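Novice: Predicted coordinates and the sequence they were generated for:
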Amino acid sequence: MPLHVTAFAPGRVNLIGEHTDYNQGLALPFAISEGVTVKATATSGRLIRAKALDLGGDDSFSVDHPRRVRGWRAFVRGAVAELTSAGVPVPPARLEIAGTVSRGAGLSSSAALEVALTLALIALSGAGGPDRTELAKLCSRIENEWAGARTGLLDQLASLYGEADHALRIDFRSLEVRPVALDLEEHQLVTLDSGQHHANAASGYNERRAECARACELLGIPSLREATPEMADQLPDPLDRRARHVLSDNVRVDQAVEALRRCDFEQLGRLLDEAHASLRDDYEISTPAVDAAVARLKAAGALGARVIGGGFGGHVLGLLAAGARPPEGAVVVQPGAGARLLE
Ligand code: GLA
């Protein structure tokens, strides 16, 4: 059993396919180079002691009985509890958590935290953990059951399967993850902060998920992946629009894969714009601050720009043409490697 391990897990940017994951649809995310690092040291006794270096807070709890709390501590306790339920013999440990990905930005700092915590604790336990897809599900349970956000598997799969220079086409019905080369030539993908804090558990995220479940109930289908545009039209407002967004974004994912294959960046930009309009008008997860950030990117010459992640605030994504100057505060994002042990 190692005495000391360090794990890193990246955040992600989703190129296209938003709010499709919990509808068994398609998405095209990539891991970024920013993320969360967890240093874990085995200790004696039965306590887990955690320190969040950026937040300046700490926590201490029994490894055998993690009790429920709020905030970042919920993720640490949830990680210990969910790993234990999955049969991993989590040892007493001291954990130091540090992040380079902005929190509340829609760049998936929470999945990065879950994945880094679980990878570190599994390595420290000396036992073999679940495979990457099972680990993504376990991490998603931490978020669903401990942090109160009914999110899907997008962020965790992107963080675990990320590859340099590639996006990942994920089919959430089969859970097949296929790397897609992301060669943008002279173009750049940038994110820009809308200035509005985003938090899945506190936003309209859970409500959107419930609306999709209700739409399936009315249509008598297991998921919106089984719906057709004609079926969506029969639903009452706003469920018809929610379903329309999901169906059209699934189509846009494969159109984006094709546009990348042909290096057709004008088309990729159009798809981002269409996705934004759909998320704003049909799915209603944009806000005036988010729309303003999208408009700033467009004014700077973006071929396309859109709200990303859960929405209701956070960063937006833009595809800048070769030679276009990013607006002040924009950050270039590039696909990086997935979660791993360091050292
Ligand atoms: C958040 C969730 C994901 C996904 C996106 C929207 O990032 O954590 O599971 O639903 O929103 O695509």
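Specialist: Done, it's in.

Novice: Ranking helices and strands of this protein by mean pLDDT, which lands last?
Specialist: Across the helices and strands of the chain, mean confidence by mean pLDDT, DSSP states H and E is lowest for strand 331-332: a mean of 94.

Novice: That strand pairs with which strands, parallel or anti?
Specialist: Using DSSP bridges, the strands paired with strand 331-332 in its sheet are strand 188-193 (antiparallel).

Novice: any idea of the mean pLDDT in the partner strand?
Specialist: The average pLDDT for strand 188-193 rounds to 96.

Novice: Enumerate the residues of this structure near the ligand.
Specialist: Contacts of the chain with the ligand, taken as CB under 6 Å from any ligand atom, map to 14, 18-19, 21-22, 108, 151-152, 154-155, 200, 309-310. For every residue, glycine as well, the C-beta is placed using N, CA and C.

Novice: Helices of this structure, start to end?
Specialist: Using DSSP state H, the helices of the chain run over 72-85, 109-125, 132-141, 154-161, 205-219, 229-233, 239-261, 265-277, 288-299.

Novice: Put the alpha carbons of the fourth one into CSV.
Specialist: What follows is the C-alpha trace of helix 154-161 in CSV, where atoms were taken according to Å, rounded to 0.1, in the frame of the first residue of the first chain:
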residue,chain,number,x,y,z
LEU,A,154,-20.7,14.1,-19.3
ASP,A,155,-18.2,15.8,-17.0
GLN,A,156,-16.9,12.7,-15.3
LEU,A,157,-16.5,10.7,-18.6
ALA,A,158,-14.7,13.7,-20.2
SER,A,159,-12.4,14.1,-17.3
LEU,A,160,-11.5,10.4,-17.1
TYR,A,161,-11.2,9.7,-20.9
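
Novice: how many degrees apart are that helix and helix 132-141 in direction?
Specialist: 140 degrees (axes from the mean of the first three to the mean of the last three CA atoms, to 10 degrees).

Novice: same deal with the first one?
Specialist: Between helix 72-85 and helix 132-141, the angle formed by their directions is 130 degrees, by the same axes, to 10 degrees.

Novice: So which bits of helix 72-85 are buried?
Specialist: Within helix 72-85, the residues that count as buried by 16 or more other CB atoms under 10 Å are 72-84.

Novice: Now render these as JSON lines, adding pLDDT and distance to residue 100.
Specialist: Shown next, in JSON lines, are those (pLDDT from 0 to 100; distance: CB to CB, whole Å):
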{"residue": "72", "pLDDT": "95", "distance to residue 100": "15"}
{"residue": "73", "pLDDT": "97", "distance to residue 100": "20"}
{"residue": "74", "pLDDT": "97", "distance to residue 100": "21"}
{"residue": "75", "pLDDT": "97", "distance to residue 100": "17"}
{"residue": "76", "pLDDT": "98", "distance to residue 100": "19"}
{"residue": "77", "pLDDT": "98", "distance to residue 100": "23"}
{"residue": "78", "pLDDT": "98", "distance to residue 100": "22"}
{"residue": "79", "pLDDT": "98", "distance to residue 100": "20"}
{"residue": "80", "pLDDT": "98", "distance to residue 100": "24"}
{"residue": "81", "pLDDT": "98", "distance to residue 100": "27"}
{"residue": "82", "pLDDT": "98", "distance to residue 100": "25"}
{"residue": "83", "pLDDT": "98", "distance to residue 100": "24"}
{"residue": "84", "pLDDT": "97", "distance to residue 100": "29"}
